[in-house]
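Engineer: this one's sequence-less:
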């Protein structure tokens, strides 16, 4: 009998030791809401290369960075502010904020208010574009989130019906276009609330973010502190959870961070995806072969905005990385060589 019990004990120990020792979701740290407290983890504890931190920070400063944060499983490992920018200074997310619309659209869908596979005109009525009724009715909410609505992207950011003109059938052409913002109107109509109110109630407040939406020309742009951007990135990394509360459905987020159409492999629902065989860039119909950011991990996905606003999420490395600032290389594209060189320097730090 004792031999049987001993064997059973050793078997259980063996099985326990054989399991994947990666942290469970419960190990992810979430900073408390309404507080400046945020736990940290040291570079030494992680076994990273301390002597590679300063070269990374020097490069960031050289490239017009205002703030930079690295989270490891939710805890701050690196947090640095440049020039007069501080932890309380707000800054705009630019197109990195598109992913906020993705998240809130997912919340509205899980609440049964909308279905992203339904046509947009089910919520906004017909005539929201200048396309014929037959062509307009091809455009689904998912097309807006995937940037393949088929509407002409060469006419500027104005999303009035007169400026939303047919270029191709929905689903047949990928083009980076401000028409995604119509999803905010869909959410407002479906919820019976203003976009701001629904966003604040369902996303901003539950995860302790600060910030506001501001109308700049024809664009609605979100601005916040760097830590608020990090809170959002952390919630996404945690598969839609904040502490024990599921903010955004995990299955929806999996779809949002997976190739959403068969034209631009590197695009999900307003998220950029690394490690794919090819990609397209804004303002171009050219397909480029290879990975979006070769130096970054293949499983990384990112929110990328004008002037190099960045949220990098890397599940395999347990990382969320935030960069805010002015344009690194004087270009208006969301993606530049800056991403690849920055990841070269991040890799020297973390590997």
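Structural biologist: Great, that's in hand. What you see is a predicted model; the values in this text were computed from it and never measured. Residues are numbered from 1 along each chain as shown.
Engineer: which residue ranges form the helices in the stretch 51-200 of the chain?
Structural biologist: 53-62, 98-110, 121-124, 133-136, 141-146, 182-191, 195-199 (DSSP state H, counting those that start in this stretch).
Engineer: can you list those helices in JSON lines and add mean neighbour count?
Structural biologist: All C-beta spots, glycine's among them, are computed from the backbone N, C-alpha and C. Written out in JSON lines, the entries for the helices of the stretch 51-200 of the chain read as follows (neighbours: other C-beta atoms under 10 Å):
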{"stretch": "helix 53-62", "mean neighbour count": "15"}
{"stretch": "helix 98-110", "mean neighbour count": "24"}
{"stretch": "helix 121-124", "mean neighbour count": "18"}
{"stretch": "helix 133-136", "mean neighbour count": "15"}
{"stretch": "helix 141-146", "mean neighbour count": "25"}
{"stretch": "helix 182-191", "mean neighbour count": "21"}
{"stretch": "helix 195-199", "mean neighbour count": "18"}
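Engineer: Turn those into a markdown table, including mean pLDDT and distance to residue 322.
Structural biologist: Formatted as a markdown table, the entries for these read as follows, by pLDDT from 0 to 100; distance: least, C-beta to C-beta, whole Å:
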| stretch | mean pLDDT | distance to residue 322 |
| --- | --- | --- |
| helix 53-62 | 98 | 11 |
| helix 98-110 | 98 | 13 |
| helix 121-124 | 98 | 33 |
| helix 133-136 | 98 | 38 |
| helix 141-146 | 98 | 23 |
| helix 182-191 | 98 | 23 |
| helix 195-199 | 98 | 20 |
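Engineer: Would you tell me which of those gets closest to residue 41?
Structural biologist: With C-beta to C-beta as the measure, helix 53-62 is the member of the helices of the stretch 51-200 of the chain nearest residue 41 (13.7 Å).
Engineer: That closest one packs against which elements?
Structural biologist: Using 3 or more C-beta pairs under 8 Å, 6 or more residues apart in numbering; DSSP states H and E as the contact test, the elements touching helix 53-62 are strand 75-81, helix 337-350.
Engineer: Contacts for that helix next, please.
Structural biologist: The contact list for helix 53-62, computed with C-beta atoms under 8 Å, 6 or more residues apart in numbering, reads 43, 68, 78, 80, 82, 323, 325, 341-342, 345-346, 348-349.
Engineer: Apply 6 Å and report the result again.
Structural biologist: The contact list for helix 53-62 (C-beta atoms under 6 Å, 6 or more residues apart in numbering) reads 68, 80, 82, 345, 349.
Engineer: repeat for stretch 257-272
Structural biologist: Stretch 257-272 has contacts (C-beta under 6 Å, 6+ apart) with 98-99, 102, 145-146, 148, 174, 256, 273, 276-280, 292, 301-302, 304.
Engineer: Could you rerun that using 8 Å?
Structural biologist: Among residues not part of stretch 257-272, those counted as contacts by C-beta under 8 Å, 6+ apart are 98-99, 101-102, 105, 142, 145-148, 171, 173-174, 180, 236, 255-256, 273-274, 276-280, 291-292, 301-304, 313, 334-335.
Engineer: thinking again about what came up before, which among the contacts of helix 53-62 gets closest to residue 317?
Structural biologist: Out of these, the one with the shortest distance to residue 317 is residue 349. That distance is 11.3 Å, counting by C-beta to C-beta.
Engineer: hmm, back to that, turn the helices and strands packed on helix 53-62 into a markdown table, including mean neighbour count, mean pLDDT and distance to residue 231.
Structural biologist: Conversion of the helices and strands packed on helix 53-62 to a markdown table gives the following (neighbours: other C-beta atoms under 10 Å; pLDDT from 0 to 100; distance: least, C-beta to C-beta, whole Å):
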| stretch | mean neighbour count | mean pLDDT | distance to residue 231 |
| --- | --- | --- | --- |
| strand 75-81 | 18 | 98 | 12 |
| helix 337-350 | 18 | 96 | 21 |
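Engineer: To residue 228, which of the ones you listed lies closest?
Structural biologist: Comparing these under C-beta to C-beta, the one sitting nearest is strand 75-81, at 13.2 Å.
Engineer: Please name the residues that touch residue 322.
Structural biologist: With C-beta under 8 Å, 6+ apart as the criterion, the residues that contact residue 322 are 67, 68, 69, 226, 229, 230, 233, 310, 311, 312.
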